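[1] A structural model of the following input is requested.
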Amino acid sequence: MLLESEVAPGRKDWIENRLRELDQIFAVSVGGFSLMDNHLHLLLRIDPDLAKGWSDTEVAERWFRLFPPRGADRKPMKPSADLIAARVANLTWIAETRVRLSSLGWFMKCLKEPLALGRHTRSIASVGEQVAS
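    Here you go, the predicted model:
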């Protein structure tokens, strides 16, 4: 699959924006990247100590930025204070999520899965709006 083609214009911009977003959520820093037509190169730094310094609330909020709760209509919703409090009270969930937020595997999953499932095509139209803001 080509990263940029007539069939999928805007894919490179989407990937660049997604890398910037993931860099702000994970304890995996993007030091640099290069996007070519058929592949990409990433320079990443994993920093699990950074994740250890996050409060339990921050861990839950970061996770919900990646995987927001969904309403009955399946549209993403802002997590309620009660939902965040329930997650924070679940120490096993917090520990597992903290590890995931400092995992290279989860970082790459969150980068590649929307591409594989075609979800990025829904957000490509808004890339210009995101860059402008």
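[2] Which residue ranges of the chain form strands?
    28-35, 40-46 (DSSP state E).
[3] what's the most centrally placed residue in the chain in contact with, if anything?
    Central residue of the chain (Cα atoms, centre = their mean): Leu22, 4.2 Å from the mean position. By Cβ atoms under 8 Å, 6 or more residues apart in numbering, the contact set of Leu22 is Val28, Val30, Phe107, Cys110, Leu111. All C-beta atoms are positioned from the backbone trio N, CA, C, and that covers glycine.
[4] what number of residues lie near the second one?
    Same thing as Val30. Look at Val30: counted by other Cβ atoms under 10 Å, it has 18 neighbours.
[5] ok, it - contacts?
    Val30 sits next to Leu19, Arg20, Leu22, Asp23, Leu42, Leu43, Leu44 when contact means Cβ under 8 Å, 6+ apart.
[6] What of the first one?
    With contacts defined as Cβ under 8 Å, 6+ apart, the neighbours of Val28 are Leu22, Leu44, Arg45, Ile46, Asp47, Ser102, Ser103, Leu104, Phe107.
[7] Which residues does it form beta bridges with?
    With DSSP bridges as the criterion, Val28 is bridged to Ile46.
[8] circling back to that earlier point, TSV please, covering the contacts of Leu22 and showing distance to Arg62 and pLDDT.
    Shown next, in TSV, are these (distance: Cβ to Cβ, whole Å; pLDDT from 0 to 100):
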residue	distance to Arg62	pLDDT
Val28	12	96
Val30	16	93
Phe107	12	96
Cys110	11	95
Leu111	16	93
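[9] Dump the residues you listed into TSV; add distance to Glu61 as well.
    Listed next are the contacts of Leu22 as TSV, based on distance: Cβ to Cβ, whole Å:
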residue	distance to Glu61
Val28	17
Val30	20
Phe107	17
Cys110	16
Leu111	20
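[10] Determine which two of these are furthest apart.
    Val30 and Cys110 (12.5 Å; Cβ to Cβ).
[11] one step back: can you tell me which of the contacts of Val28 has the most neighbours?
    Neighbour tally across the contacts of Val28 (other Cβ under 10 Å): the maximum, 23 neighbours, falls on Phe107.
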